[in-house]
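Chemist: task: produce atomic coordinates for the following.
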Amino acid sequence: MSHPTVIEIVNDSPAAEAGLSVGAELVAVNGIVPSDVIEYQQLVDDADPELTIRDSGGQRNLLLSKNAGEPLGIRLSSSIFDRVQTCDNHCEFCFIYQLPPGMRESLYLKDDDYRLSFLYGNFTTLTRFTELDLARVVEERLGPLYVSIHATDPEVRTRMLRNPRGATSLRWLRALLDYDVTVHGQVVLCPGINAGSVFEQTAAEILARYRGLASVGIVPLGLSRYNTEASLRVHTAEEAAADLDTIHFWQDEAMRRIGRRMFFASDELYLVAKRPIPPRAAYEDFPQHENGIGMIRTFTDEIGALSGGGEADLPIMTGEWRTIPSAPGEGYRAPRHIGSDPSAGDGPVGVLTGTYGAAALEPLLPQLERLCGRSLHILAVENRFFGGNTAVAGLLVGADLRDAITNNSRSVSRYLLPDVALSGDAFLDDMSLGDLRAASPVPIIVTPATAGGLIEGAAA
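Modeler: Purely as a prediction, here's the structure:
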């Protein structure tokens, strides 16, 4: 058991009034050693909790004065205090197996922990789920959860996960739905493996056996140049179009049978198939927006709303970490330096993004330029670090961004960088934002990956 440390204290909060300091190690609450931030939050929701802490003065108890339900006023360094439940699958399509050597250790950790699914929207296969886990999820109403389905055929799922429990672990999905736990599903489509007719069967069985699922996101396989699996390949345009036709068919079937679409295709499939992005109604409430499903539609509609002088209705960020005051932001949710730069000039603005992002932005360029009041240069950054079909902005690395800036012949007054490329202030290749800024001839402004964020960054 590792104990979390305090990384932030809110001014004038009960924690601040009690003299708790940043860097203190949290050992227990009311004599109970919590296993995660969920249990911790439940304990400190009571009135006048007693914390056992360890700091430079040693270990001691600290009694805090507060009302029941009043926030304690701290943020912790981690969400899981005991051991993260790691994944015992060996999926041939797992992107972690496609990472180059030498990256930071945390990137190679495969988690299959339902708590991280609840907190951050991570997908779990349920192959390590237990009766005790089910009891806790049901008792504490830990939903929504996010489950990787991939295929409902037991043999296909076992083969894909390379784990014999893959054939039986969907029984936990059935149990979760029976207890009315909200669950979102995912299918990673691999051509020649679980796409085509296999996906037809999966969609049919989901609608027959798991119709209580809140949504099912269908995303295409992502491959890096480090892939060693000969059976894996990316979608052709024709295959993407055929899979979209299947998804749309089962959307219609779901509407007819249960009154909602249930199945949602990723933006990437539409881009690969060169198909238009569906209208807003086709995404309902955008249940898997952060899974790359409906991002282009929300961005486009946001531009329309801003052009009309209104405000856009943007999807809520996935995961319940945002409702737990003490839970830290992780990954691209970690705090970043977002804002203006007074040294930026008033000339054209360079927009850094992946090749998929560029394909989505180019048709919207005239509207964006009108809203920004200045010309924009969309700089599609090729992902040479990962290679393959890794073309999303969230996988951009510092070295490729630096090379793109160095080789850009267009004169710009600043560059805008989408925040999803950063974890805190570092890229996936461990280059810091500061190092990238030092290599750029003009300021780099980090912006939220929204139309409003881009417009604000261009005007800052």
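
Chemist: what sits against Glu92?
Modeler: Applying CB atoms under 8 Å, 6 or more residues apart in numbering, we find Glu92 in contact with 160, 162, 229, 231-232. The way it works is simple: take the backbone N, C-alpha and C, and place the C-beta from them, glycine included.

Chemist: one more time with 6 Å
Modeler: By CB atoms under 6 Å, 6 or more residues apart in numbering, the contact set of Glu92 is Glu229.

Chemist: check which helix or strand covers Arg384.
Modeler: Using DSSP states H and E, Arg384 is not contained in any helix or strand.

Chemist: right, and it touches Ala399 too?
Modeler: No: using CB atoms under 6 Å, Arg384 makes no contact with Ala399, being 7.9 Å away.

Chemist: okay, these two: which has more neighbours?
Modeler: Ala399 (18 against 13; other CB atoms under 10 Å).

Chemist: find me the pLDDT at the nearest residue to that one once chain neighbours are set aside, would you?
Modeler: Closest residue to Ala399 apart from its sequence neighbours, by CB to CB, 6 or more residues apart in numbering: Asp429 at 5.5 Å. Per-residue confidence at Asp429 stands at 95 (pLDDT).

Chemist: now Ala460
Modeler: At Ala460, the model reports a pLDDT of 74.

Chemist: what is the neighbour count of it?
Modeler: When counting by other CB under 10 Å, one arrives at 16 neighbours for Ala460.

Chemist: which residue ranges of the chain form strands?
Modeler: Taking DSSP state E as the criterion, the chain carries its strands at 6-9, 25-29, 50-55, 58-63, 74-76, 145-148, 183-189, 215-220, 263-265, 349-353, 376-380, 414-418, 444-447.

Chemist: among the ones you listed, which comes closest to Ala391?
Modeler: Ala391 lies closest to strand 376-380 among those, at 8.7 Å (CB to CB).

Chemist: return the set of buried residues in the closest one.
Modeler: For strand 376-380, the neighbour count (16 or more other CB atoms under 10 Å) marks 376, 378-380 as buried.

Chemist: if we can go back for a sec, how far away is the residue nearest to Ala399 from Tyr332?
Modeler: The gap separating Asp429 from Tyr332 is 15 Å, by CB to CB, to the nearest Å.

Chemist: check Gly185 too.
Modeler: 22 Å.

Chemist: among the two, which residue is more densely surrounded?
Modeler: More crowded of Gly185 and Tyr332, by other CB under 10 Å: Gly185, with 25 against 16.

Chemist: let me know the pLDDT of the nearest residue to the more buried one once chain neighbours are set aside.
Modeler: Spatial nearest neighbour of Gly185, excluding adjacent residues (CB to CB, 6+ apart): Val216 at 4.3 Å. For Val216, the pLDDT comes out at 98.

Chemist: okay, now Val216: neighbour count?
Modeler: With other CB under 10 Å as criterion, Val216 counts 26.

Chemist: so it touches Phe264, yeah?
Modeler: No: with contact defined as CB under 6 Å, Val216 does not count as touching Phe264 (7.0 Å).

Chemist: and the residue nearest to Leu177 when sequence neighbours are not counted, how far is that from Gln42?
Modeler: In this structure, Leu177 finds its nearest non-sequential neighbour in Gly212, 3.9 Å apart by CB to CB, 6+ apart. Look at Gly212 and Gln42: by CB to CB, they are 26 Å apart.

Chemist: quick check: the residue nearest in space to the middle of the chain vs Ile455, distance?
Modeler: Nearest to the mean C-alpha position of the chain, counting by CA atoms, centre = their mean, stands Glu290 at 5.2 Å. Glu290 sits 21 Å away from Ile455, going by CB to CB.

Chemist: quick revisit: show me what contacts the residue nearest to Gly185?
Modeler: 185, 262-263.

Chemist: how many residues are close by Glu25?
Modeler: Residues near Glu25, counting by other CB under 10 Å: 15.

Chemist: do the same with Glu8
Modeler: Neighbours of Glu8 (other CB under 10 Å): 15.

Chemist: pretty sure it is touching Arg75, no?
Modeler: Yes: contact criterion CB under 6 Å: Glu8 and Arg75 qualify, at 3.9 Å.

Chemist: and the buried residues of strand 376-380, which is closest to Val442?
Modeler: Nearest to Val442, judged by CB to CB, of the buried residues of strand 376-380 is Leu379 at 12.2 Å.

Chemist: how much space between Val198 and Arg159?
Modeler: To Arg159, Val198 is 11 Å away according to CB to CB.

Chemist: between these two, which one's more packed in?
Modeler: Each of Val198 and Arg159 has its neighbours counted (other CB under 10 Å); Val198 has more, 20 against 17.

Chemist: show me what contacts the more buried one?
Modeler: Val198 makes contact with Val156 under the criterion CB under 6 Å, 6+ apart.

Chemist: distance of it relative to Gly222?
Modeler: Val198 sits 19 Å away from Gly222, going by CB to CB.

Chemist: what of Pro276?
Modeler: 23 Å.

Chemist: give me the more crowded residue out of these two.
Modeler: Gly222 (21 against 8).

Chemist: can you pull the contacts of that one?
Modeler: When contacts are counted by CB under 6 Å, 6+ apart, Gly222 touches Phe95.

Chemist: swap in 10 Å and give it another go.
Modeler: 93, 95, 98, 188, 232, 234, 268, 292, 386, 388-392, 395 (CB atoms under 10 Å, 6 or more residues apart in numbering).

Chemist: gap between it and Val188?
Modeler: Distance of Gly222 to Val188, computed by CB to CB: 8 Å.

Chemist: overlap in contacts of those two?
Modeler: Residues touching both Gly222 and Val188 (CB under 10 Å, 6+ apart) are 93, 95.

Chemist: okay, now the domains of this protein?
Modeler: With domains defined by automatic domain parsing, the chain comprises 6-76, 95-297, 335-459.

Chemist: nearest to Ala305, of those domains?
Modeler: Closest to Ala305 of the domains of the chain is domain 335-459 (CB to CB; 8.6 Å).

Chemist: span of that closest one from start to end?
Modeler: 22 Å (CA to CA, to the nearest Å).

Chemist: so where do the helices sit in the stretch 1-150 of the chain?
Modeler: In order along the chain, the stretch 1-150 of the chain carries the following helices (DSSP state H, counting those that start in this stretch): 14-17, 37-44, 114-120, 131-140.
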